[in-house]
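A.B. asks: Whatever this is, show me its structure:
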Amino acid sequence: MELLKTDRLIIQEFTINDAPFYYALVNDPDWIKYIGKRNINSILEAEQYLTTKIIVSYKKFGFGFYLVKTKAGNHSIGTVGLIDREGMDNVEVGFAFLPSFRGKGYAYEATKEIMNYASTELKIDPIVAITDLENTKSGKLLERLGLRFDKNIQLPDFEKPSKLFIPKN
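C.D. replies: Down below sits the predicted model:
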C-alpha cells in the first residue's frame, strides 16, 4: 500500500513480494557493517523476516519501515521508516539504500518525508535516530534533517555503543 510520495519517490508498505529486494539490501556489506547482520540467507528467510518483523509493525504500532521506490522506472532502492525500539525512550527514524542509489539525495528526500509524516500525521514528537559510531555519512544526513549528536548510548542486544541524535531545538 502506497503511503507517501515525493517529487522522485514512492514510499509504500513492504509485502512478501519485496523479499528479493530486502534480501539484497540486508546483505549489502555497508548494511552489515553499520546496521548489523540479520542472518537472512535466502529469499525465503527474507519473506519470513518481512512477515514477522516488518509487516506486523504496521498493525502493531501504526508505522514501521517502508519500501522506497523511484517514480521513474519503479525501482526498489531502499527503506525508510520509524521504529519503537526496546531501550529507547523515543521513536527513531532510520534509513538504508542500495549502494547504486546513495549520494543522489534519495535518503534525504525519503527521510525528510517520513519525519514530516511522523510529526504531522502520527503526532510523534520528538523523533530521534541512532547510528553506528563509525557511520559519519548517516550522521551528516541526520544533521541536515534537523537532528544533532547528543551522546553515545548502549542499547540492549547491540554489541557496541551507538550515537544518539536528537532534535536540534
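A.B. asks: so where do the helices sit in the protein?
C.D. replies: Ranges of helices in the chain, per DSSP state H, are 19-26, 29-34, 43-49, 56-61, 106-120, 136-144.
A.B. asks: relative to helix 136-144, how tilted is the longest one?
C.D. replies: In other words, helix 106-120. On the basis of axes from the mean of the first three to the mean of the last three CA atoms, to 10 degrees, helix 106-120 is oriented at 40 degrees to helix 136-144.
A.B. asks: Buried residues, helix 106-120. List them.
C.D. replies: Tyr106, Ala107, Glu109, Ala110, Thr111, Lys112, Glu113, Ile114, Met115, Tyr117, Ala118 (16 or more other CB atoms under 10 Å). Every C-beta, even on glycine, is put in place using the N, C-alpha and C of the backbone.
A.B. asks: average pLDDT across that helix?
C.D. replies: Rounded to a whole number, the mean pLDDT of helix 106-120 is 98.
A.B. asks: Please state the offset of that helix from the chain centre?
C.D. replies: 11 Å (CA atoms, centre = their mean, to the nearest Å).
A.B. asks: helices and strands around it, which ones?
C.D. replies: The contact analysis (3 or more CB pairs under 8 Å, 6 or more residues apart in numbering; DSSP states H and E) places helix 106-120 against strand 2-5, strand 9-13, strand 65-70, strand 76-83, strand 92-97, helix 136-144.
A.B. asks: Appreciated, that's everything.
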